[in-house]
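Undergrad: sequence-free structure coming up:
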C-alpha cells in the first residue's frame, strides 16, 4: 500500500504545483522589471496635434524600453478636444503605466489638462499647482454654462445651458470625465463639477478630495513615492517598481517640433496668406516662377495646418472673399468699392478664422500686420493701374492722335507729312508749307488731319 500511495501523493503535488504556477503567472506578468527606466515627457503649453504626436512617440519608446513608468510633466492652459482625446486613448492603450505630474509650482492642468490627469494611472501635483476649469469652450469665448443667478434655497448651483448644442457638448464632456474617474477610482463628483461649473482645486485640495494620489516636490520625490503603489492597468492591478530607476527624458523629434511650428495659428495664417499672394503675383506676372513656387508650397503647408486646427469655415470664406476683392480692385479698378469691401471682409474673416480654444488664438498684431500689408499691396496696385490709365498711348492707331510731324509736300489743302517715322497722306484747313511742323488732330482712314504745331 505504501508503495502505491507514494506515486499518488507525488502526482497530487505536481498537479497543485501546476495550478499554482498558472495562477501566479498573470500576477508575475503585472510586475515590471526592477531595472526598467522612468520615461519623462514634458507637456508645456497648449494641447494640440504636435503634443499628441510627441506623447504618442514617447509612449511607444517607453514600451520598447520596457519602462517602469512614464511621467508626463504638465503645465497647460488646455487645448483642442480632438488632440486631448487622442492623447487619452494613447495613454489608456499604453502597456506602460502613465503618471501625470503637474509641475512646477504655479503650473496648472486646466481644461484639457484636467481630462488628461484623470486618464492617468497615477496623478501627482507639486505644491502651488492647480487644476480644473474643464468647461467646454464654445465659439466666441463666452461661458454658456454660467450658474443660475438666483438658485432657490437649499438648492445647489446648477449649470443653465443656453441652448441644445451647449447642453449636448457639456453632457458629453461630463460623462467622459466621469468614465475616466472610474478607471482609478477618483472623485467623479468633483470632476463633473469642473466640467459643469468650471471649478478648480489647489494641489493640497486635490489630494484631500481624492482627485490625485501624490503630492511631490520634484521628479525624484515622485519616483520615490510611486514605488510600490498599486494602480489599475488595463483593468488589472499593477504594482509600480520605480525604486532606483533611471529617469530618461525624451525630447520631441524634428517632426513634432515642425508640427508644433506650422500648427501655431499665427504661422498657419501667415503661410496661408503668403501662399495666396504668391499665386496672385504669379498670375499677374506669368513666368516669374519664384512667387508661384513659394506660394504653392506655403499654401499647401498652410492648408495642412488648418486641417488640424479648429477652423471656422465662415471666417475662412470671408478671408478668401477679402483677398479676391482686393485682387479685383487691383486688376479692374472699381473706384475703391472692391478695395474697401475687401479690407472689411479680410479683417472680419481673420478675426473669425479660428474658433476660440485655449492656446489657439490668432494674435491681433498678426491680423493688423496682414491687413496693413494687404492694404499696401492694394494701394500700390491701384496706383500702378491709375498711372497706366493716364499714360500716353505709344503704339497702335490711337498713338497718332497728338503726334508731331513735318510737312513734306503740300498743295491745295492736301499733301504728305512725316509722322512717327512714316509718310502719311494729310489734309488741313490751314495753309501749310513744306518743312512746317504740324500736329495730328485726327484721322480719316489712311489720311491724317493736321494743324500747325503752335509749340514749334
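TA: Nice, thanks for sending it over. None of the values given here were measured: they were computed from a predicted structure.
Undergrad: Does residue 41 touch residue 71 like I think?
TA: Yes: if you go by CB atoms under 8 Å, residue 41 and residue 71 touch, sitting 7.1 Å apart. (C-beta placed from N, C-alpha, C; glycine too.)
Undergrad: Which of the two has more residues huddled nearby?
TA: The residue with more neighbours, out of residue 41 and residue 71, is residue 71; 29 against 23, by other CB atoms under 10 Å.
Undergrad: Distance check, that one against residue 101.
TA: 5 Å (CB to CB, to the nearest Å).
Undergrad: Repeat that for residue 452.
TA: Residue 452 is 97 Å from residue 101, by CB to CB.
Undergrad: re the thing from before, please enumerate the shared neighbours of residue 71 and residue 101.
TA: Shared contacts of residue 71 and residue 101, defined by CB atoms under 8 Å, 6 or more residues apart in numbering, are found at 219, 222.
Undergrad: if we can go back for a sec, who has more neighbours out of residue 452 and residue 101?
TA: residue 101 (31 against 16).
Undergrad: confidence score at the residue lying closest to that one once chain neighbours are set aside?
TA: In space, and not counting its chain neighbours, residue 101 is closest to residue 124: 4.7 Å by CB to CB, 6 or more residues apart in numbering. Predicted confidence (pLDDT) for residue 124: 96.
Undergrad: What of residue 74?
TA: Model confidence at residue 74 (pLDDT) stands at 95.
Undergrad: Please identify the helix or strand for it.
TA: strand 69-75 (DSSP states H and E).
Undergrad: Low-confidence regions, the stretch 151-300 of the chain specifically.
TA: Residue ranges of the stretch 151-300 of the chain with pLDDT under 70: 151-163, 284.
Undergrad: all helices for it, in order.
TA: 164-183, 188-196, 203-208, 219-226, 254-262, 265-284, 290-308 (DSSP state H, counting those that start in this stretch).
Undergrad: roughly how far is the first one from the heart of the chain?
TA: Spelled out, that is helix 164-183. Chain-centre distance of helix 164-183: 25 Å, with CA atoms, centre = their mean, to the nearest Å.
Undergrad: And for the shortest one?
TA: Computed by CA atoms, centre = their mean, the separation of helix 203-208 from the middle of its chain amounts to 34 Å.
Undergrad: ditto for the fourth one
TA: A distance of 35 Å separates the C-alpha centroid of helix 219-226 from that of its chain, computed with CA atoms, centre = their mean.
Undergrad: Quick check: buried residues in that helix?
TA: Residues of helix 219-226 classed as buried: 219, 222, 223, 225, 226 (neighbour count, 16 or more other CB atoms under 10 Å).
Undergrad: before we move on, what about the fifth one?
TA: Neighbour counts over helix 254-262 (16+ other CB under 10 Å) mark 256, 259, 260, 262 as buried.
Undergrad: What helices and strands are in contact with it?
TA: Where contact means 3 or more CB pairs under 8 Å, 6 or more residues apart in numbering; DSSP states H and E, helix 254-262 is packed against helix 49-64, helix 265-284, helix 290-308.
Undergrad: and the angle from it to helix 265-284?
TA: In terms of direction (axes from the mean of the first three to the mean of the last three CA atoms, to 10 degrees), helix 254-262 departs from helix 265-284 by 80 degrees.
Undergrad: quick one: contacts of helix 254-262?
TA: By CB under 8 Å, 6+ apart, the surrounding residues in contact with helix 254-262 are 48-51, 53-54, 57, 252, 267-268, 271, 301-302, 304-305.
Undergrad: Off-centre distance for it?
TA: Using CA atoms, centre = their mean, the offset of helix 254-262 from its chain centre is 11 Å.
Undergrad: tell me the phi and psi of residue 427?
TA: Per-residue torsions, residue 427: phi -140, psi 160 (degrees, to the nearest 10).
Undergrad: Need the pLDDT of the spatially closest residue to it that is not a sequence neighbour.
TA: Spatial nearest neighbour of residue 427, chain neighbours left out: residue 414 (4.9 Å); criterion: CB to CB, 6+ apart. You'll see residue 414 listed with a pLDDT of 88.
Undergrad: go on, residue 342?
TA: pLDDT, residue 342: 81.
Undergrad: and the next element down the chain from the helix or strand harbouring the residue nearest to residue 101?
TA: Assigned by DSSP H and E, residue 124 belongs to strand 122-125. Going down the chain from strand 122-125, the next helix or strand is strand 130-132, by DSSP H and E.
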